[in-house]
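Q: quick one: sequence plus predicted model below, questions after.
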Amino acid sequence: MAALDGKTALVTGASSGIGAATVRALREAGARVGAGARRTERLDADVTGELDVTSAESCASFVAQAVDALGGLDILVNGAGLALGRDPFTESSEEDERAVLETNVDGLIRMTRLCLPHLRDGGHIVNLGSVAGRQAYANGALYITSKFAVRGFTYALREDLLGRPIRITTVDPGLVETEFSLVRFRGDAEKARGVYEGVEAMRPEDIADCVLFAVTRPPHVNVDEIVVKALTQSSGGRILRADES
Ligand code: NAP
């Protein structure tokens, strides 16, 4: 019997990178998975649906339909997230600030609130944080703020749910090669490629492994936090490139 046979999961940000790899890992482990993102044509799961985590209506409708189709919920993976720009805060804009905070913070909180009533005993919430939520680096103020908030929310939620049979984990990755940098640099593929040049970044599957580890521990074990980095980095801001070693 596979570790997650009979379990169901919802994954946000499932159209790309870590979210998509997590959908695959959970399904391979036996779970039936509902996947959401804005680019629905890229979703591959047992149940798929359009999801914009910045919209209360979109989240409510996605959760209602996906949970109904799956027949209940055991695991929520909050993977949707983005950064916009890599500039000093003095160059920040109202629009970018809103997009990052509404996606990474408000969206994650909203999805958690909407899913909680559906989570069966033994349920599990996994939030995708970042090493940026543990240690600041230059020119990433809003993203860093948002990921510190994810960690704060995760800690606070653990306090409020203490005594209930629901587990909560934050997975905080360092450098993972995904479309994250393409989004961050607003479609500039060359700049995005530069982020991964001269360094062996982690793969989305490495992070999906961490999620899978957390959700397959015995029911009395809560993996609070997993911090995972590429070997040649010590923080989000300090990455050793091949020509620097
Ligand atoms: P990615 O490949 O760009 O994937 C981001 C995912 O988030 C996409 O599926 C995207 O789907 C979804 N998303 C963005 N805005 C959304 C919205 N408003 N509503 C619903 N979905 C939305 O990046 P990734 O690296 O896999 O990132 C996944 C998570 O890991 C993020 O929370 C990110 O902050 C975190 N993380 C990444 C790294 C890294 O180095 N890559 C490191 C640490 C943490 P649509 O555009 O189709 O909606």
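A: Ah, there it is.
Q: so which residues of the protein form strands?
A: Using DSSP state E, the strands of the chain run over residues 8-12, 32-37, 47-50, 73-78, 119-128, 166-173, 225-228.
Q: quick test: name the residue nearest the centre of the chain.
A: The C-alpha lying nearest the average C-alpha coordinate of the chain belongs to Gly79 (CA atoms, centre = their mean; 2.3 Å).
Q: OK, contacts around Leu212?
A: The neighbourhood of Leu212, defined by CB atoms under 8 Å, 6 or more residues apart in numbering, consists of Ala3, Thr22, Ala25, Leu26, Ala29. For every residue, glycine as well, the C-beta is placed using N, CA and C.
Q: which stretches of this protein have low pLDDT?
A: Applying pLDDT under 70 to the chain flags residues 245.
Q: what does it have sitting close to the ligand?
A: 12-19, 37-39, 51-54, 79-82, 103, 128, 130, 173, 175-176, 178-180, 183, 204 (CB under 6 Å from any ligand atom).
Q: quick one: contacts for the residue lying closest to Asp5 once chain neighbours are set aside?
A: In this structure, Asp5 finds its nearest non-sequential neighbour in Gly30, 3.8 Å apart by CB to CB, 6 or more residues apart in numbering. Residues counted as contacts of Gly30 (CB under 8 Å, 6+ apart) are Met1, Ala2, Ala3, Leu4, Asp5, Gly6, Lys7.
Q: and Gly30, how far from Ile18?
A: Taking CB to CB, to the nearest Å as the criterion, Gly30 is separated from Ile18 by 20 Å.
Q: one more: Ala80?
A: 10 Å.
Q: please apply the same query to Leu51.
A: 16 Å.
Q: likewise Ile144?
A: Distance from Ile144 to Ile18, by CB to CB: 18 Å.
Q: neighbour-wise, which of the two wins?
A: Ile18 (28 against 24; other CB atoms under 10 Å).
Q: hmm, the more buried one is touching Gly79, no?
A: Yes. Counting by CB atoms under 8 Å, Ile18 does reach Gly79; the two are 5.6 Å apart.
Q: spit out the residues that contact the two alike.
A: Common contacts of Ile18 and Gly79, defined by CB under 8 Å, 6+ apart, comprise Leu128.
Q: before we move on, back to that, quick one: which of the contacts of Leu212 is nearest to Pro218?
A: Ala3 (10.8 Å; CB to CB).
Q: could you check how far the residue nearest to Gly174 when sequence neighbours are not counted is from Gly194?
A: Nearest residue to Gly174, sequence neighbours excluded (CB to CB, 6+ apart): Lys229, at 3.4 Å. Noted for Lys229: a distance of 19 Å to Gly194, by CB to CB.
Q: those two: which is more packed in?
A: Lys229 (18 against 13).
Q: tell me, how many residues neighbour Arg151?
A: Neighbours of Arg151 (other CB under 10 Å): 17.
Q: check contacts around the nearest residue to it once chain neighbours are set aside.
A: Leaving out its chain neighbours, the residue that sits closest to Arg151 by CB to CB, 6+ apart is Gly133, at 4.6 Å. Contacts for Gly133 were tallied using CB under 8 Å, 6+ apart; they are Ile144, Ser146, Lys147, Phe148, Ala149, Val150, Arg151, Asp172.
Q: before we move on, what about Leu82?
A: Counted by CB under 8 Å, 6+ apart, Leu82 has contacts Ala99, Val100, Thr103, Asn104, Phe180, Val183, Arg184.
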